[in-house]
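In: Sharing a model that was predicted from the sequence below.
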Amino acid sequence: MDLQAVRTFVAVTEAGGFHKAAADLSVTQQAVSKRVAALEQALGVRLFTRAPRGAELTIDGRAFLPHARELLRAAERASASVRPGNRPLRVDVIASRTAQSSLMRAFHRAHPGIALDMMMLVSMDTAVAALRTGELDATFRAVGAPGHPLPDDIASARVLDEPLQLLTGPAHTLADAPSVTLTDLVGHRIWMPGIAPGTEWGAYYDDLVAEFALTIEATGPNFGSDVLLDTIADTPALATFMGAHSRRIWPRDHDLRLIPVTGPTPVYPHSLLWHRDNPHPGLAALRTHVGAAGDYGAEGSWVPGWATGQ
């Protein structure tokens, strides 16, 4: 059904005549007459009768009027549901306890009026595809990893370099160290079962291992952070890396130790990605917020060579 014709029908009803409706709609009276005639032909009934004081609804017109108004309200609701700013800002943070989640919680505190829809996508390629189709407004990723070039219509900005810290149980030989260097970690087993081959974080740790001769094991199923922390607490021979901005939740009796890594400090380079043509006003606010809080490029830090261009 032609919504323009339905809108014209309602306008004639409310104006009480074709001439006044034409003025209200800023069209000619002939255009109003043609729209109403087309609607009557589509419905197979007459909607108005001519009267000395204008146009009056027929019995069929009176029956159709409430449905016509509901059609227009439904059309407005449908349009508003996808209008930029009226729907939630959809952001991918990979996982709930990561630095990206911390950045988004801070953004929500600063902008409580912007509705958010948080997503957690593992694959960078999937996230970038979602940006390009409009299913996603923004994602946090490490940019520049081999095999993951950004399309020309996707923009990015480096927003945070997150220092890695060594996490050990109380019986680990480095548990009481105030800090460690990457050289100190040579020969120690660092267990990280969440590293997925082909991901940008997999490329990051591959380069870290290659440059500093570390032993990072990604063996075994990934049962999540709780099982990882339980294992580190109970296994003196194992340690793991944890981002300094990740949420730290574990039982007190685990007595886990977080130890700064220096000389240099490995940092994970988080960038915000978005589609260049995305008009959502919440995206502009997010870019401004994370840009103002940007913390990256500190002296004495290490990132892979492919990340230095950001």
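Out: Received, thanks.
In: dump the residue contacts of the spatially most central residue of the chain.
Out: The structure's the chain has its C-alpha centroid closest to residue 91; by CA atoms, centre = their mean the separation is 1.1 Å. Residue 91 sits next to 104, 116-119, 136-140, 286 when contact means CB atoms under 8 Å, 6 or more residues apart in numbering. Every residue, glycine included, has its C-beta placed from N, CA and C.
In: what about 6 Å?
Out: residue 138 (CB atoms under 6 Å, 6 or more residues apart in numbering).
In: Can I take it that it is in a strand?
Out: Yes. Secondary structure of residue 91 (DSSP: H, G, I helix; E, B strand; the rest coil): part of a strand.
In: Against residue 65, how distant is residue 241?
Out: Look at residue 241 and residue 65: by CB to CB, to the nearest Å, they are 67 Å apart.
In: ditto for residue 169
Out: On the measure of CB to CB, residue 169 and residue 65 end up 74 Å apart.
In: elements contacting the helix or strand in which residue 102 is found?
Out: Using DSSP states H and E, residue 102 maps to helix 99-110. For helix 99-110, the elements it packs on are helix 281-292, judged by 3 or more CB pairs under 6 Å, 6 or more residues apart in numbering; DSSP states H and E.
In: Any chance you could list what contacts the helix it packs on?
Out: 85, 89, 103, 107, 110-111, 114, 137, 159, 272, 274.
In: now with 7 Å?
Out: Here helix 281-292 makes contact (CB atoms under 7 Å, 6 or more residues apart in numbering) with 84-85, 89, 103, 107, 110-111, 114, 137-138, 157, 159, 272, 274.
In: how near is the residue of the chain most remote from its centre to residue 17?
Out: In the chain, the residue that sits farthest from the middle, by CA atoms, centre = their mean, is residue 52; the gap is 59.7 Å. With distances taken as CB to CB, residue 52 is found 11 Å from residue 17.
In: Next, give phi and psi for the residue farthest from the centre of the chain.
Out: phi -60, psi -30 (degrees, to the nearest 10).
In: Residue 260 now?
Out: phi -60, psi 140.
In: same thing with residue 45?
Out: The phi/psi pair for residue 45 (degrees, to the nearest 10) is phi -140, psi 160.
In: distance of the closest residue to it other than its chain neighbours from residue 269?
Out: Excluding the flanking residues, the one nearest residue 45 by CB to CB, 6 or more residues apart in numbering is residue 60, at 4.0 Å. Using CB to CB, residue 60 is found at 67 Å from residue 269.
In: Those two - which one has more neighbours?
Out: The neighbour count for residue 60 versus residue 269, taken as other CB atoms under 10 Å, is higher for residue 269 (25 against 15).
In: Who has more neighbours out of residue 241 and residue 65?
Out: residue 241 (20 against 16).
In: Count the residues that sit near the closest residue in space to the more buried one that isn't next to it in sequence.
Out: Nearest non-adjacent residue to residue 241, counting by CB to CB, 6+ apart: residue 164, 4.5 Å away. Counted with other CB under 10 Å, residues neighbouring residue 164 total 22.
In: likewise residue 139?
Out: 25.
In: Just the local confidence number for it, please.
Out: Residue 139 is assigned 97 on the pLDDT scale.
In: start to end distance for stretch 109-125?
Out: 30 Å (CA to CA, to the nearest Å).
In: sorry, back to before: separation between the residue farthest from the centre of the chain and residue 32?
Out: Going from residue 52 to residue 32 by CB to CB gives 19 Å.
In: And the strands in this protein, which stretches?
Out: Taking DSSP state E as the criterion, the chain carries its strands at 48-51, 54-57, 89-92, 116-119, 138-141, 154-168, 180-181, 189-191, 215-217, 238-243, 257-262, 265-275, 301-302.
In: okay, the fourth one in PDB with CA atoms only?
Out: Written as PDB, here are the backbone C-alpha positions of strand 116-119 (Å, rounded to 0.1, in the frame of the first residue of the first chain):
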ATOM      1  CA  LEU A 116      24.800   0.100  24.100                       C
ATOM      2  CA  ASP A 117      24.500  -3.400  22.700                       C
ATOM      3  CA  MET A 118      27.700  -5.300  23.500                       C
ATOM      4  CA  MET A 119      28.900  -8.100  21.300                       C
END
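In: Tell me the strands beside it, with direction?
Out: strand 89-92 (parallel) (DSSP bridges).
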